[in-house]
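Undergrad: Using only what follows, build the 3D model:
(one chain, ligands or ions: 1)
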Amino acid sequence: MASVSGANIWITGASSGIGRALALQLAEAGNTVFASGRNEAALAGLCAQNPQRLVALACDVSDDNGMEEAGRRLRSMTDSLDMVILNAGTCEYVDNAELDNALFRRVFAVNLFGVVNTLTVAKPLLQKAQRRGHIVGIGSLSTVVGLPRAEAYGASKAAMQYLLDSLRVDLAHEKIDVTVVRPGFVETPMTAANDFPMPFAMDAERAATIILRGIAGRQRVVEFPLRLSWSLKLAALCSGLWYRVAAPRLNRANKL
Ligand SMILES: NC(=O)c1ccc[n+]([C@@H]2O[C@H](COP(=O)([O-])OP(=O)(O)OC[C@H]3O[C@@H](n4cnc5c(N)ncnc54)[C@H](OP(=O)(O)O)[C@@H]3O)[C@@H](O)[C@H]2O)c1
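TA: All right, here's what the predicted structure looks like:
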């Protein structure tokens, strides 16, 4: 159970997976949660679970004009935000190292520019909060070390993480904390199509509980599961072995 309570929270990507589980747990803990996503029917279904606490705010984070309009709708419902959770994300894998510009633009449009669009709306509202503000970004453990086929996804998450690390420095004097969450594998619609092993995978409810514990503690970084995080950090530490011996075994092209 989250110990964040009585806060005004905006979460993107709340229509499924981790974001949906976070929204439900935060609402149950007594927060007012503005829940975003493009799928209005899914948002309506979510909000019906706790209509007192959950408010749908449909938007496409990659649509610059649409996000300005979403900002207007949000400001008509609240004067301030205590927390924004930048969770909306997309994943497309790169096959055979073929670098398709359009694929990279699609992934970055959501995972990086969607975060910029959301923060542009959220920051002035966080600055008006009575309590200390909190920006939470859902990154990925994939940024710890180079992984096969993750050129676009991993790069977008690394860029997002750097953006948030830099903001942490620049917003410290404004009393706004920044948390970067780096999950391993979580069973959600995003990973349902994965045709490779997902070590230490967990369900979205468990992931949300771990994330909310870290958020409540205002941790700078929340990483899980620890066994995967330590394994990847060890790989990064022994990067010669990783890139020469271990990683090539994960690359399906080398198995053909
Ligand atoms: N699952 C994992 O193993 C894993 C691991 C590490 C990190 N993550 C990260 O965790 C976050 C949540 O992913 P998930 O696994 O829960 O996947 P998911 O179930 O597919 O959820 C993705 C969410 O993002 C929203 N979204 C996607 N594009 C959007 C757009 N253009 N505008 C607004 N919302 C958009 C989707 O809503 P609509 O379709 O309604 O727009 C959906 O609610 C992502 O940032 C992902 O990269 C996931």
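Undergrad: What strand or helix carries Ile85?
TA: Using DSSP states H and E, Ile85 sits in strand 83-86.
Undergrad: That strand near the ligand at all?
TA: No - Strand 83-86 does not reach the ligand (CB under 6 Å from any ligand atom); its nearest approach is 7.8 Å. The way it works is simple: take the backbone N, C-alpha and C, and place the C-beta from them, glycine included.
Undergrad: Show me what that strand is packed up against.
TA: strand 8-11, helix 113-127, strand 133-138 (3 or more CB pairs under 8 Å, 6 or more residues apart in numbering; DSSP states H and E).
Undergrad: Distance to the ligand and mean pLDDT added to the ones you listed, as CSV?
TA: Shown next, in CSV, are the helices and strands packed on strand 83-86 (distance: least, CB to the nearest ligand atom, whole Å; pLDDT from 0 to 100):
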stretch, distance to the ligand, mean pLDDT
strand 8-11, 9, 98
helix 113-127, 6, 98
strand 133-138, 4, 98
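Undergrad: Now mean neighbour count too, for the ones you listed, in a markdown table please.
TA: Shown next, in a markdown table, are those (neighbours: other CB atoms under 10 Å):
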| stretch | mean neighbour count |
| --- | --- |
| strand 8-11 | 25 |
| helix 113-127 | 20 |
| strand 133-138 | 24 |
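Undergrad: Just give me the neighbour total for Tyr93.
TA: 16 (other CB atoms under 10 Å).
Undergrad: pLDDT score assigned to Arg252?
TA: Here the pLDDT value assigned to Arg252 is 67.
Undergrad: Could you check how far stretch 157-167 is from the centre of its chain?
TA: 12 Å (CA atoms, centre = their mean, to the nearest Å).
Undergrad: Not counting that stretch itself, show me its contacts.
TA: 86, 89, 108, 111-112, 115-116, 119, 135, 137, 139-140, 142-143, 178, 180, 182 (CB atoms under 8 Å, 6 or more residues apart in numbering).
Undergrad: and with 10 Å instead?
TA: By CB atoms under 10 Å, 6 or more residues apart in numbering, the list of residues contacting stretch 157-167 from outside reads 86, 89, 91, 107-108, 111-116, 119, 123, 135-144, 150, 171, 176, 178-182, 220-221.
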